[in-house]
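In: generate a structure from the sequence data that follows.
(one chain, ligands or ions: 2)
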Amino acid sequence: RTVLRLEKVTRQYAQADQPLVILKEADFAMNAGETVALVAPSGAGKSTLLHVAGLLERAEEGDVFLRGEPCGGLSDARRTAMRRSDIGFVYQFHHLLPEFTAAENIMMPQMIAGLKQPQAQERAEQLLDYMRIGHRGHHRPAELSGGEQQRVAIARAVANAPSILLADEPTGNLDPETAGYVFEALEALVRQSGLAALIATHNHEIANRMDRRVTLQDGRVVDY
Ligand code: ADP
Ligand code: ADP
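Out: Ligands and ions are numbered 1, 2, ... in the order given. Below you'll find the predicted structure:
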């Protein structure tokens, strides 16, 4: 079952002379439960691809289909609603809210989605356990190690049970050993929940553990 599909997506940035073309008629599809590594040099367009796939940016040409629904013609409000319910994001830096605890950071998107506090808290605690930091829920981000902060960010990204996880160098700021452990927890969570995950990484060890690896070549997404 295809959960995410890009069809002939072109994305370019305006420049003084000619536009900088990042994606050029790029096709890509990902099935439920599939993990895909996106491996390409810096500046190749990995973040751009993730932003277009995640409905944060619009393509100039082509379209993005979320569970079969074409998203290009939708209003910003509708795209935001789809993004909130269906897509989780993880970045290289955790972007947790510093004045809230780990558990509260994970509860936040759930409460915005309308869940009651006790249910959100129960789910946050489950996810913290799942990420193997059940004992850290009451700590603020500054009291957590880098690896723990990323575990919380991952838990927050999946708090509303999206069908797609998009991650941009989720372990890029961690030492190799910590990166391995955090990825292990991420992978277990993805497999257990049947999420489709597209993960940009420079770490080949991590890339090799995913179902499929893709790169960007002349603006297209190609297997490698
Ligand atoms: P990667 O994630 O692979 O490092 P990016 O998608 O961030 O690559 O960027 C691809 C290219 O597009 C880079 O050359 C970058 O400088 C350029 N770029 C990214 N965002 C913008 C923007 N908003 N305006 C203009 N150029 C941009
Ligand atoms: P790492 O080597 O993984 O970066 P740290 O040296 O940052 O780990 O922290 C080691 C342990 O101490 C971690 O479990 C972390 O959560 C905890 N810790 C770090 N700083 C604080 C703090 N200010 N308050 C409470 N616990 C902390």
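
In: from residue 99, how far off is the closest residue to residue 173 other than its chain neighbours?
Out: Using CB to CB, 6 or more residues apart in numbering and skipping residues adjacent in sequence, the residue nearest residue 173 is residue 92, 5.3 Å away. Placement of C-beta: from N, CA and C, glycine included. Residue 92 is 22 Å from residue 99, where distance means CB to CB, to the nearest Å.

In: quick revisit: ramachandran angles for the residue nearest to residue 173?
Out: phi -60, psi -40 (degrees, to the nearest 10).

In: and it, how close does it get to residue 136?
Out: Note on residue 92: its distance to residue 136, by CB to CB, is 21 Å.

In: try residue 194
Out: Going from residue 194 to residue 136 by CB to CB gives 26 Å.

In: before we move on, back to that, and residue 92 and residue 99? Which one has more around it.
Out: residue 92 (17 against 10; other CB atoms under 10 Å).

In: quick check: the more buried one touching residue 174?
Out: No. Contact criterion CB atoms under 8 Å: residue 92 and residue 174 do not qualify, at 9.3 Å.

In: compare residue 194 and residue 136 (neighbour count), which wins?
Out: Between residue 194 and residue 136, counting by other CB under 10 Å, residue 136 is the more crowded of the two (19 against 12).

In: read off the pLDDT value for the residue nearest the centre of the chain.
Out: Central residue check for the chain by CA atoms, centre = their mean: the C-alpha nearest the mean position is that of residue 166, 2.0 Å away. For residue 166, the model assigns a pLDDT of 98.
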